[in-house]
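Engineer: make a model of this:
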Amino acid sequence: MSWSVVTFDCYGTLVDWETGIAEAFRSEAERDDLELEPEAIIQAYHQVEPDVQATQYRPYRDILGEVALRLAARLGWELPASRTGFLAESLPDWPVFDDTRPALEPHQDTLRNRHPVQHRR
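Structural biologist: Numbering: from 1, shown residues only. A predicted model of the protein is given here:
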């Protein structure tokens with residue numbers, strides 16, 4: 001089999017973004033002695049994120065910062081604007097699903113030799 005392009009919808013397919021987001025919010029809220037429930041975080045995320053995405057184009061880091069601020073307010077947490085970067089900073093720590101690595105490892109040499117898309121940070 002010959003491939004010329006391989007793409008992935010990483011979040012929700014390879015990466016467990018719900019767990020990543022919930023853990024990022026819980027960890028940051030603990031700094032303020034606040035306990036947030038994962039279900040409430042994800043429910044609020046689904047309500048807030050589409051509205052933020054629908055606004056003008058801006059870097060994803062900025063989108064996540066605005067989502068963090070609005071989501072915190074929705075949950076009754078007075079998150080200072082200076083701390084909204086925690087969600088974007090947590091991205092590298094979001095867990096992958098258990099079957100992600102075993103499914104991709106047999107193809108690592110082939111995928112590595114292609115021309116990867118470079119993502120800006």
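
Engineer: can we go C-alpha only for contacts and neighbour counts from here?
Structural biologist: Noted.

Engineer: so what pLDDT did residue 116 get?
Structural biologist: Note for residue 116: predicted pLDDT of 53.

Engineer: er, residue 94 actually
Structural biologist: The confidence metric pLDDT takes the value 89 at residue 94.

Engineer: what's the local residue count around it?
Structural biologist: By other CA atoms under 10 Å, 18 other residues sit near residue 94.

Engineer: what about it, distance to residue 79?
Structural biologist: Here residue 94 is placed at a distance of 21 Å from residue 79 (CA to CA, to the nearest Å).

Engineer: residue 41 and residue 34: what is the separation?
Structural biologist: 13 Å.

Engineer: what about the closest residue to residue 78 other than its chain neighbours, how many residues nearby?
Structural biologist: Spatial nearest neighbour of residue 78, excluding adjacent residues (CA to CA, 6 or more residues apart in numbering): residue 72 at 6.6 Å. Using other CA under 10 Å, residue 72 has 21 neighbouring residues.

Engineer: what about whichever strand or helix holds residue 72, average pLDDT?
Structural biologist: Secondary structure from DSSP states H and E places residue 72 in helix 60-74. Mean per-residue pLDDT for helix 60-74: 96.

Engineer: from the middle of its chain, how far away would that helix be?
Structural biologist: Centroid separation for helix 60-74 versus its chain: 11 Å, with CA atoms, centre = their mean, to the nearest Å.

Engineer: contacts for the helix or strand just after it?
Structural biologist: Using DSSP H and E, the helix or strand that follows helix 60-74 towards the C-terminus is helix 86-90. Applying CA atoms under 8 Å, 6 or more residues apart in numbering, the contact partners of helix 86-90 are 20, 21, 24, 25, 28, 61, 64, 65, 68.

Engineer: dump the residue contacts of the fifth one.
Structural biologist: Translated: residue 28. residue 86.
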